[in-house]
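*Asks:* Below are the sequence and a predicted model; questions follow.
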Amino acid sequence: MLQRVWGYDDFRYQQRRAVLAALHGRDCLAILPTGGGKSLCYQVPALLLPGLTLVVSPLIALMQDQVAALRRRGVAAAYLSSTQSAETQAQVRAVLAAGRLKLLYVAPERLAQLASGAPLGISLLAVDEAHCISEWGHDFRPHYRTIGRLLGALGRPPIIALTATATPETRTDIARVLHLRWPVTITTSFDRPNLRFAVRPFATERPRLEALVTLLRATRESVVVYLPTRNRTDGVATILRRWGFSAAPYHAGLPGNERRALLRRFMDGRIRIIVATNAFGMGIDKPDVRLVAHLGVPARPESYYQEAGRAGRDGAPARCELLWVPGDVTLARTLSRGGKGAAPAATRGFSTMTRYLTTSSCRRRVLLEYLGESIKQCGGCDNCRPQP
DNA sequence: CGCCGGTCGCGTAAGCGACCGGCGGTGCCTTACT
């Protein structure tokens, strides 16, 4: 199967364990790095099992990419989303009802609707990007926390939950919300030895921007600059362009077609520097990002690690720089407390984040210990090995 | 923290500054109106 459909000779990492768990009807929680072949863990069983594999995915863009890739390989896959015309949705439902689909991708918001219809003969439920249950489920996308209640109506198939980043608390939370039963748990190291972590404090905005410009001049390849608000992405992108850099702002306030065009131009190198809010990220896998610079403090270490981790996907050395001013910390505290129903781990997250800023010991260790991993040796950070 | 938008007062027409309160960042899904 693997050879015929995907052209691979063997599984990588712990994919094999995840595939076997699904085939044996076991629940599974798989924590695999980006690029570690997460999707194969449910796509291979989907083709071997009878019936349908239902995939819960957070973004329509991800569903489209996955479905397109599967169809190129001749797999009967489809997605349902609000971007489709009524006709297209009806077509998908017809193929689904006829039992001719192997994989169906949907957003969690659509699950209740599917669960209330005719039985679908689901033999596997895959929850992709399962950290969304903890990170988005509390206030932003509450349907993520209702998946467990719908399992009965979906026929309680075996479940596989997949993510690249999850603290021990998040893993427990995922297992609880999805009602996982004695799940096969697969964990791999989060450590990315080719990433060099550094933090630089500034008293005011002006020297911080000058430091950013110095960093950008020292880099020839692609760069992501993260900022906490949409407004500031516009401002910083404008300033950088005035300095002669190829830079563009990216945030969720831009029209969808413009965002897609920006992404294409960043991916093929026509834009070198993307200046973004946290809207930029999930599903983007550009191998040659050499620098991820934060001008501001993310509310939680896992957000920071996800964002910074978009550097150096190709395995070559890359830098993660956090440039902060005192005001960032107060803002991060305010935002991490959140309004009603904020994520429970917010306090530990914020305090670890401030420790990351101010520690004089290994920064990599601070991040990885928060994620539940102890490391023997630092692959490089500004405290363990000074910057050249 | 720092920005933005709404309201108030001024003082008689239209618009400006001062002040206050709320929010900042992620995306699915509706469904009734233009």
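*Replies:* Ah, there it is. Numbering: from 1, shown residues only, chains lettered A, B, ... in the order given.
*Asks:* Quick one: name the residues of the stretch 51-200 of chain A near DNA strand B.
*Replies:* Contacts of the stretch 51-200 of chain A with DNA strand B, taken as CB under 7 Å from any atom of the strand, map to A:58-61, A:80-83, A:106-107, A:109-110, A:113, A:135-136, A:139-141. Any C-beta I mention is one placed from the backbone N, CA and C, and that applies to glycine too.
*Asks:* List buried residues within the residues you listed.
*Replies:* A:58, A:60, A:61, A:80, A:81, A:106, A:107, A:110, A:135, A:136, A:141 (16 or more other CB atoms under 10 Å).
*Asks:* Return the member of these nearest to residue A:238.
*Replies:* residue A:61 (26.6 Å; CB to CB).
*Asks:* The closest one contacts residue A:283, doesn't it?
*Replies:* Yes - when contacts are counted by CB atoms under 8 Å, residue A:61 is listed as touching residue A:283 (5.9 Å).
*Asks:* quick one: the strands in chain A?
*Replies:* All strands of chain A, identified by DSSP state E, fall at A:28-31, A:52-56, A:77-79, A:103-106, A:122-127, A:159-163, A:184-187, A:195-201, A:222-226, A:247-250, A:273-276, A:289-295, A:318-324.
*Asks:* possible to save these as a markdown table with mean pLDDT?
*Replies:* Formatted as a markdown table, the strands of chain A follow (pLDDT from 0 to 100):
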| stretch | mean pLDDT |
| --- | --- |
| strand A:28-31 | 97 |
| strand A:52-56 | 98 |
| strand A:77-79 | 98 |
| strand A:103-106 | 98 |
| strand A:122-127 | 98 |
| strand A:159-163 | 97 |
| strand A:184-187 | 96 |
| strand A:195-201 | 95 |
| strand A:222-226 | 97 |
| strand A:247-250 | 95 |
| strand A:273-276 | 96 |
| strand A:289-295 | 97 |
| strand A:318-324 | 96 |
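*Asks:* Quick check: which of those strands is nearest to residue A:171?
*Replies:* That would be strand A:28-31 among these, by CB to CB, at 6.3 Å.
*Asks:* what does the stretch 201-350 of chain A have sitting close to DNA strand B?
*Replies:* Going by CB under 7 Å from any atom of the strand, the residues of the stretch 201-350 of chain A near DNA strand B are A:228-231, A:251-253, A:277-279, A:299, A:327, A:330-331, A:334-335, A:338-339.
*Asks:* if we go to 6 Å?
*Replies:* Within the stretch 201-350 of chain A, the positions adjacent to DNA strand B are A:229-231, A:251-252, A:277-279, A:299, A:327, A:330-331, A:334-335, A:338 by CB under 6 Å from any atom of the strand.
*Asks:* between those, which is closest to residue A:205?
*Replies:* residue A:327 (9.0 Å).
*Asks:* Can you give me the neighbour number for the nearest residue to residue A:240 once chain neighbours are set aside?
*Replies:* Using CB to CB, 6 or more residues apart in numbering and skipping the chain neighbours, the partner closest in space to residue A:240 is residue A:247 (4.0 Å). Other residues near residue A:247 number 22, with proximity taken as other CB atoms under 10 Å.
*Asks:* can you check residue A:243 too?
*Replies:* Residue A:243 has 13 neighbouring residues, counting by other CB under 10 Å.
*Asks:* how close does it sit to DNA strand B?
*Replies:* Computed as CB to the nearest atom of the strand, to the nearest Å, the residue A:243 to DNA strand B distance reads 20 Å.
*Asks:* any idea how far the nearest residue to that residue once chain neighbours are set aside lies from residue A:206?
*Replies:* What sits nearest to residue A:243 in space, not counting adjacent residues and going by CB to CB, 6+ apart, is residue A:213, at 6.0 Å. Residue A:213 is 11 Å from residue A:206, where distance means CB to CB, to the nearest Å.
*Asks:* So which of those two has more stuff around it?
*Replies:* Neighbour count, other CB under 10 Å: between residue A:213 and residue A:206, residue A:213 has more, with 15 against 9.
*Asks:* The more buried one touches residue A:244, doesn't it?
*Replies:* No - using CB under 8 Å as the test, residue A:213 is too far from residue A:244 to be in contact (9.9 Å).
*Asks:* do you know how far residue A:307 is from residue A:258?
*Replies:* In terms of CB to CB, residue A:307 sits 22 Å off from residue A:258.
*Asks:* Who has more neighbours out of these two?
*Replies:* residue A:307 (19 against 12).
*Asks:* any idea how far the closest residue to the more buried one other than its chain neighbours lies from residue A:250?
*Replies:* Sequence neighbours aside, residue A:226 is the residue nearest to residue A:307 in space, at 5.5 Å (criterion: CB to CB, 6+ apart). When distance is defined by CB to CB, residue A:226 is 10 Å away from residue A:250.
*Asks:* Domain ranges for chain A, per the record?
*Replies:* A:2-187, A:195-370 (automatic domain parsing).
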